[in-house]
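> this one's structure only:
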Ligand SMILES: Nc1ncnc2c1ncn2[C@@H]1O[C@H](COP(=O)(O)OP(=O)(O)OP(=O)(O)O)[C@@H](O)[C@H]1O
Ligand SMILES: Nc1ncnc2c1ncn2[C@@H]1O[C@H](COP(=O)(O)OP(=O)(O)OP(=O)(O)O)[C@@H](O)[C@H]1O
Ligand SMILES: [Mg+2]
Ligand SMILES: [Mg+2]
């Protein structure tokens, strides 16, 4: 803990990097997983393709993915994209299932009622299906965000890791205080992000607490 | 990658692919066993009593937030080299999904069935063992298989501290900038993950009551 | 008016849910589809607003083949009430009701005003508007469902077991309100139920479906009771057919005078005497005793339903349930006007039959 | 015998679910708890096997205070059937039924044999034993639920709305089976329902609960119908009280001879003639015509329920539903034995009343 | 093939110098020294420290992700030219200047040397009477060697040991770049010989024995700045050359010792103190 105060500037600097490296993939991944999840919730074939694919993507070790990315994307070796792309892939892999499950869990009688009232598909998605899928989706998003925040550190292996840098450095100099500082930073960041999403989720789903 | 992977030289010896595969599998299974022994009773207890649900969710979120590398490094710095730090890091990784799956599984058991279990005169242990856990099995397996995937993927970091497993190929490939080796390592990990998952899927099929299969595969209605 | 012309629905798995259905639902009436589970009621209903498209045959709504209309447009003109109400859990009650007007392009304020109005019309306090569906009881949810279907003032209303989720008491309320609403609104309503009592109560005409998607009989309730087309209908319409028939008869029954007395009076009772209060409302019976007595609460024999002059069924039940075998007849304010006798009811029935009021 | 003595249950949130309940359930009878939703029926029932413990008061089962018995032990001696059956989804039907015997330490083979036997007893093919609950229809599940509760042959059976999940036809079957079983087994059964018809049909005694956990009336069905204790009971017991009372009367009604004819015969009909088939089973009525005719299918007027000599209700309904006003009486094999008239039924009722068979 | 050569070689020219470092403390502190000295002279500096091994960061220098990084002459030469035969300090430096790809250059070398070296524990040294790698040769086949993964392939790694001494170890264990793992490996005898840096303070602290390298597998390793020519303005050159003048092997030892001291000072702070003490 004292390390954090004594090196506040450095700490803040890695915090910023860490935040950027975790938030950007979550946002992009989330945006991508909505159409994919929708697709999977509607078509058994899409499910049969997307879910195993997501599983396999998820099992590719993160460092391998981080190192391979520049090759595939063709950017500089130290570009942040090299962390952002793999983490986005993990986010999508995690979220596709959540979104698909959430959409499939919308009660059939509600969607039937919407159809019967004359909703067209796109409008129905935004007005009925997606809002109703929010609680489950946000639960998934919380897991994805927390996982991302914890995974960013792996980027330190290629010199891009936010708190991960503290781990490497602390390790090299046998300095557990520094490793611990990074650990605390990660957990606090994750807890804050999680709490924030929880609150946002609550604000967006007032009906969920309206039960008797 | 193909070249590296299919080079017979890489398939033998103490650092060959088969040895690394077995090491990796060893890490994975041991980790899962330890994690299950810790997480299932905890999740089941909290799920059964309905008390401390907040704790389970909070705890698993904190654990999920722990960067595995940091845990690994800290334990190495604290306890030295060897398999121990690897297991600590991996077990901490595996606990949240298993615990959350167990908890959710138990909570999701039809309350009417649980009520009936008490109603026929089962004691609390009996309710848990004879009704709640068997009915929660699909979700427990769900959490467990999720954990298995993650552990297989992450057991790679064992190599970070000089230990074995398929991560060796990934780290050595990275250090040497031998992408063939690294990719081969990654592919082997993914392959192993798929195999492990298939294995558990088979186990699930064998141990989960057919009565719990999604309606349509089992019978009419 | 809704016409089914040789409509058949065969699902992909080969199930024939509706088999060559020919049926015309008159405009401005309530038509009830009734039948056992799986007989194709829901399927028939949902083909009207194209939630399901028929395999063959034609469905006309006000003379227009529904297959020629784009489904969302068609549906906005047809109210649909689903079992379990099917409310949007994430929207307030008011917004639920305002859904269709908003979809049809009304402005928000107008849609909400309309919604509030409808809530009142279906018997809900407008204060409920701000709640979410989960905060309502089952019966209240059903009302919201009906309000929502009525919101765009569609001429046609499809109702699929709308009251099945509520308990019998609330259910009766909802039925009565539907009848009251219909008297005001004059919609063309198709109502699905598997409860024959509900069907007989609500339907001007009742279509009895038989398993396999066959229409077994399509007739007025009295006809169903009096002349079931086949054994299936007879058994489905159930026992007490004769007694139920009386529900639909309003023939006159002679009202006989009755000896009444008040509490505290000293009287000599030779036969059954009806004790009434100061407003002449019935309090109970005194049976014949020897000599003069003072009329006391404790000697009263209570019991017996009252007959308010509505149907023969009420008259017969009043007579049957009365300890004196005399059914007490009351007026609007509950004052005794006389008594009816069971055998008079039976004679009235015979007369109605002779006059052809009861079919065949 | 089950005794409630001043039993009150107040939940933690302050809800008083049961309020000073005093009631004795006689051994070997079916007692029904009936009342609107939320009136405390389930709570009362569940206090018997200690699924819920009372706040105050005592419950005795066969003279023993239940609070002195360890709950699981107590429950193994009391069969409990839950609404929606509450079967264990992961066990086969047979294993579901065998649960309690196994719990009580029977060996596996014996428990299964017993379970198979019980399946048959509740009217299920033993082949169902291998299925899982999800593979059964609602009615079949209910039967398994009953079988499971009977498995250890407990003297006491608690049944909480056991038939509420099935449609009316299946429901009637299940009710009849329960009555048949009870005739064989002679258990002490407490049965909860919110359906007054079910209560009147099954209960030797019926406890009507009022919202707030009050016992409004505890009486025999006929008493409830004839003399509801208050307005609440009267309205809950519902209309048709008089008619329903007839269900409980088996008094003799005179059977009159009737003119019969066979299809194809040439006859002169002056009055209503009953046309029968070769086995003397009724086919329809012919009404009076001029001159001689040949009896033809097309002239028959069908309709009318048949009276099998059971209750006055059946007799009256047969008469009321018959186009000829004559109720057809049949014997065991369905052959016509004569006709009954509505006014005879009414006379029979009066006689029964006079004889005190109908309370007050 | 090697996919990283496909990287983008056109860095957007800016006037900021990005200083990088390898992922071990000495490199980091040297990078800090460069960065702070430049910043003091008013040059715009940003830091990307602890990037990884040479295989990784060298690509970064090439693709313009970083502009400046402390390097070691011998290994850098071997990295750009596997076959380079030079071993002497001056020859290496001269060869290096020629061998570097276009756009990159090295500035003046310092006197400070930090070589890779084969290190054994005191016990092993005594047991086999080891003084130099030559003494080790008969036992290579019995011993496990530890070092960074890349040691297996580097010309100045296992291939060099084999070529020059004909020493092939029983097994190679991938550990870290002269870091705590390697030290721990030696201490608990998981490995009997290992690759450490000569300036590592752990050598003294654990009484490890550095084996002599008579055949010069490990070439001269003068610390020097590797820089993107475009960024090497005169001011930058002067500043860095001035630093190189002040750094010698003793300096490295001191710096490392400071970093390893129990209060674990930040490299940034250690660098600052050194700069102050050196009067730059
Ligand atoms: N999408 C479908 N695919 C295949 N068969 C179907 C489908 N929908 C309904 N069916 C079958 O068609 C028949 C009629 O179904 P329908 O829902 O119309 O019955 P219902 O009369 O409304 O019954 P209930 O009273 O149970 O609601 C049933 O046998 C049902 O199983
Ligand atoms: N655990 C509980 N905590 C608080 N209140 C409860 C609890 N269980 C039941 N109640 C309340 O006690 C009252 C009686 O409930 P009970 O379940 O006995 O009613 P019921 O007669 O069985 O109704 P239903 O016909 O709906 O099953 C209700 O108002 C109910 O809301
Ligand atoms: Mg239906
Ligand atoms: Mg209840």
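Okay, I see it. Since we're looking at a predicted model, the values are computed, not measured. Numbering: from 1, shown residues only, chains lettered A, B, ... in the order given. Ligands and ions are numbered 1, 2, ... in the order given.

> enumerate the positions of the lengthiest helix in chain A that are buried.
When chain A is parsed with DSSP state H, its longest helix is helix A:8-42. Judged by neighbour count using 16 or more other CB atoms under 10 Å in any protein chain shown, the buried positions of helix A:8-42 are A:10-11, A:14-15, A:17-19, A:21-26, A:28-30, A:32-34, A:36-41. C-beta here means a position set from N, CA and C on the backbone, and glycine is covered the same way.

> cool, and stretch B:3-19?
Those would be B:4-5, B:10, B:15, B:17, B:19, for stretch B:3-19 by 16+ other CB under 10 Å.

> do the same with stretch C:1-14
C:2-5, C:7, C:9.

> check those residues one by one and keep those near chain A.
Taking CB under 8 Å from any CB of the partner chain as the test, chain A is in contact with none of these.

> okay, and which of those residues map to strands?
Residues of those located in strands (DSSP state E): C:2-5, C:7, C:9.

> okay, these in a markdown table with distance to residue E:107 and pLDDT next?
A markdown table is the format used below for those (distance: CB to CB, whole Å; pLDDT from 0 to 100):
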| residue | distance to residue E:107 | pLDDT |
| --- | --- | --- |
| C:2 | 92 | 95 |
| C:3 | 95 | 95 |
| C:4 | 93 | 96 |
| C:5 | 95 | 95 |
| C:7 | 91 | 95 |
| C:9 | 86 | 95 |
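
> not counting its neighbours along the chain, what's nearest the residue of the stretch 1-150 of chain E found nearest chain D?
Here the stretch 1-150 of chain E gets closest to chain D at one residue, residue E:149, 50.3 Å apart by CB to the nearest CB. Nearest non-adjacent residue to residue E:149, counting by CB to CB, 6 or more residues apart in numbering or on different chains: residue B:175, 3.4 Å away.

> got the contact list for the one you found?
By CB atoms under 8 Å, 6 or more residues apart in numbering or on different chains, the contact list for residue B:175 reads E:53, E:55, E:148-150, E:174.

> ramachandran coordinates for the residue of the stretch 1-150 of chain E closest to chain D?
Main-chain torsions, residue E:149, degrees, to the nearest 10: phi -50, psi -40.

> where's it relative to ligand 1, distance?
60 Å (CB to the nearest ligand atom, to the nearest Å).

> just to revisit the earlier point, tell me the one of the ones in strands among the buried residues of stretch C:1-14 nearest chain A?
Among these, residue C:2 lies closest to chain A (CB to the nearest CB), at 15.6 Å.

> interface residues of chain B facing chain D?
Among all residues of chain B, those adjacent to chain D (criterion: CB under 8 Å from any CB) are B:110, B:112-113, B:115-123, B:126, B:130-131, B:134-135, B:137, B:208-212, B:215, B:218-221.

> would you agree residue E:32 is in contact with residue E:274?
No - contact criterion CB atoms under 8 Å: residue E:32 and residue E:274 do not qualify, at 9.0 Å.

> who has more neighbours out of the two?
residue E:32 (25 against 22; other CB atoms under 10 Å in any protein chain shown).

> name the residues that touch whichever strand or helix holds the more buried one?
In this assignment (DSSP states H and E), residue E:32 forms part of helix E:25-40. With CB under 8 Å, 6+ apart as the test, helix E:25-40 has contacts from A:169, A:172-173, E:17, E:19-22, E:45, E:47, E:49-50, E:68-70, E:114, E:197, E:199, E:223, E:225, E:236, E:239-240, E:242-243, E:247, E:252, E:255-256, E:259-260, E:267-268, E:270-272, E:274-275, E:280.

> hmm, back to that, now, which of the buried residues of stretch B:3-19 lie within helices?
Among the buried residues of stretch B:3-19, the ones falling in helices (DSSP H) are B:4-5, B:17, B:19.

> which residue ranges of the stretch 51-200 of chain C form helices?
Using DSSP state H, counting those that start in this stretch, the helices of the stretch 51-200 of chain C run over residues C:71-76, C:93-103, C:108-121, C:138-150, C:168-185, C:196-202.

> which one of those helices lies nearest to chain D?
Of these, nearest to chain D by CB to the nearest CB is helix C:168-185, at 6.2 Å.

> please work out the angle formed by the directions of the closest one and helix C:138-150.
20 degrees (axes from the mean of the first three to the mean of the last three CA atoms, to 10 degrees).

> how about helix C:168-185: buried residues?
Quick answer for helix C:168-185 (16+ other CB under 10 Å): C:168, C:170-172, C:174-175, C:177-178, C:181-182.

> what about residue A:81, how many neighbours?
Every residue meeting other CB under 10 Å relative to residue A:81 is counted, giving 17.

> you'd agree it is up against residue A:74?
No - using CB under 8 Å, residue A:81 makes no contact with residue A:74, being 9.7 Å away.

> list the residues that contact residue A:152.
Residue A:152 touches A:18, A:21-22, A:83, A:87, A:161-164, B:67, counting by CB under 8 Å, 6+ apart.

> what about those, which are in helices?
Those of the contacts of residue A:152 lying in helices (DSSP H): A:18, A:21-22, A:83, A:87, A:163-164.

> which of the contacts of residue B:175 scores worst on pLDDT?
Among the contacts of residue B:175, residue E:55 has the lowest pLDDT, at 78.

> for that one, what are its contacts?
Counting by CB under 8 Å, 6+ apart, residue E:55 has contacts B:175-177, E:79, E:150.

> could you do residue B:178 as well?
B:4, B:172, E:153 are the contacts of residue B:178 under CB under 8 Å, 6+ apart.

> ok, now residue B:52?
residue B:46.

> phi, psi of it?
Torsion angles, degrees, to the nearest 10, at residue B:52: phi 80, psi 20.

> so what's the residue nearest the centre of chain E bridging to?
For chain E, residue E:72 is the residue whose C-alpha lies nearest the centre (CA atoms, centre = their mean; 5.1 Å). Counting by DSSP bridges, residue E:72 forms beta bridges with residue E:223.

> mind checking how far it is from residue E:278?
Separation of residue E:72 from residue E:278 (CB to CB, to the nearest Å): 20 Å.

> re earlier: include pLDDT and distance to chain C when you put the ones in helices among the buried residues of stretch B:3-19 into CSV, please.
Below are these laid out as CSV (pLDDT from 0 to 100; distance: CB to the nearest CB, whole Å):
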residue, pLDDT, distance to chain C
B:4, 78, 50
B:5, 79, 46
B:17, 88, 49
B:19, 90, 53
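
> contact partners for the residue of chain E found nearest ligand 2?
Nearest to ligand 2, among the residues of chain E, is residue E:264, at 58.0 Å (CB to the nearest ligand atom). Residue E:264 is in contact with A:173-175, A:177-178, counting by CB under 8 Å, 6+ apart.

> switch to 7 Å and redo it
Residue E:264 makes contact with A:173, A:175, A:177, according to CB atoms under 7 Å, 6 or more residues apart in numbering or on different chains.

> among the residues you listed, which lie within helices?
Per DSSP H, the subset of these in helices is residue A:177.

> closest one of the contacts of residue E:264 to ligand 1?
For the contacts of residue E:264, the nearest to ligand 1 is residue A:177 (64.5 Å; CB to the nearest ligand atom).

> what number of residues lie near that closest one?
16.

> from what I can see it touches residue A:3, true?
Yes - the pair residue A:177 / residue A:3 is scored as a contact, 4.4 Å apart, by CB atoms under 7 Å.
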